[in-house]
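>>> Sequence plus the predicted model coming up.
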Amino acid sequence: QVQLVASGGGSAQAGGSLSLSCEASGRTFRRFVMGWFRQAPGKEREFVAAISWSGDTPYYSDSVTGRFSLSKDNAKNTVTLQMNSLRPEDTAIYYCVACVGECGGIYRERVATYDFWGQGTQVTVSS
C-alpha cells in the first residue's frame, strides 16, 4: 500500500501563485509515477501533471502547460506542484495520485490508471 498526504493549496488572486506538495509513504515500486488530478464543481476529474520516479520529465495537461511546474524529491518521496499565473478556472479540489503499473502513454491522463489517491486539497482562485 501507498499512502499519499497532500499539503498546501488555499486561496489566491488571479495571476498569483500557490504550491501543493504530496508525500508518499509505505511501499514504493520501480515503476512509480506520481502526479495530480483536479476536480472543479460540476465537472469530471481531470489530469493536471505527472512525473515518473525514475525519470525527470514531467507531463502536463494543455490547460496548465507553461504555468504549472511539477518537481520531485526522491529522497523525501515528495512531489511539489508549483502553480503560477493562476486563473479562476484553476479553482478545484486537487488530488495527489500514484500509479504503480502501466502509467505512461495513453494511460497517463486516465483516472483509472492511478492506484492510489490522496485526500483532496482545495485551491480557490478569485478574479
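Cool, got the structure. Numbers count the residues shown, from 1 in each chain.
>>> CA only for contacts and neighbour counts going forward, please
Will do.
>>> any idea which element the residue nearest the centre of the chain lies in?
Per CA atoms, centre = their mean, the C-alpha nearest to the average position across the chain is that of residue 36, at 1.7 Å. When elements are assigned from DSSP states H and E, residue 36 belongs to strand 33-39.
>>> tally of neighbours for the closest residue in space to residue 83 that isn't next to it in sequence?
Nearest non-adjacent residue to residue 83, counting by CA to CA, 6 or more residues apart in numbering: residue 68, 4.5 Å away. Neighbourhood size, residue 68 [other CA atoms under 10 Å]: 20.
>>> Residue 68: what's it in contact with?
Residue 68 makes contact with 60, 81-84, according to CA atoms under 8 Å, 6 or more residues apart in numbering.
>>> which one of those residues is nearest residue 111?
residue 60 (14.5 Å; CA to CA).
>>> Could you check the pLDDT of that closest one?
Confidence at residue 60, expressed as pLDDT, is 97.
>>> For it, which non-adjacent residue is closest in space?
With sequence-adjacent residues excluded and distances taken as CA to CA, 6+ apart, residue 60 is closest to residue 49, at 4.3 Å.
>>> That neighbour is in contact with residue 58, isn't it?
Yes: taking contacts as CA atoms under 8 Å, residue 49 lies within contact range of residue 58: 6.9 Å.
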